[in-house]
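coords below, sequence missing:
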């Protein structure tokens, strides 16, 4: 449920509805909420010439949760169009066996890097390339 609320909030923010996104994020009460809010702020604020409070907050949260949330950091960077940094964090997510990688193929926040020449090799590395997924055999037997 928490992941659904956070993804919905990210989608609202991506559409420019920051007020609704903030309300959705307030529904979630747990320690990593600050991390999620840091993601939200940075998706929409951008890194300007001055170091904004959101950016400072983001940097502190990355330091605190880097190992546990590498996948999340990667999708924020991918959404922002920062492909090099996104792939750096995807490599960390793979090294840490981040469970978020299970959803990488369907996560729309990675759309900005789908055309990057590193995308398919990375998917192959984590066993999520289209040909790898297509090769999975399903033998479903329906009950009589």
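Noted; the coordinates are in hand. Since the structure is predicted, the reported quantities are computational estimates derived from the model, not experimental observations.

averaged pLDDT, stretch 74-93. What do you get?
Stretch 74-93 shows a mean pLDDT of 91.

typo on my end, stretch 107-114
The model assigns stretch 107-114 a mean pLDDT of 94.

number of residues surrounding the closest residue to residue 120 other than its chain neighbours?
Excluding the flanking residues, the one nearest residue 120 by CB to CB, 6 or more residues apart in numbering is residue 129, at 5.9 Å. C-beta: built from backbone N, CA, C; applies to glycine. If you count neighbours by other CB atoms under 10 Å, residue 129 ends up with 17.

make sure residue 129 is actually in contact with residue 119.
No - using CB atoms under 8 Å as the test, residue 129 is too far from residue 119 to be in contact (9.4 Å).

any figure for the gap between the residue nearest to residue 120 and residue 108?
Residue 129 is 18 Å from residue 108, where distance means CB to CB, to the nearest Å.

now do the helices in this protein.
2-14, 18-26, 33-45, 53-65, 70-79, 83-95, 119-125, 130-134 (DSSP state H).

now the weakest link among these, please, by mean pLDDT.
Across the helices of the chain, helix 33-45 gives the lowest mean pLDDT, at a mean of 44.

care to break the chain down by domain?
1-65, 67-135 (automatic domain parsing).
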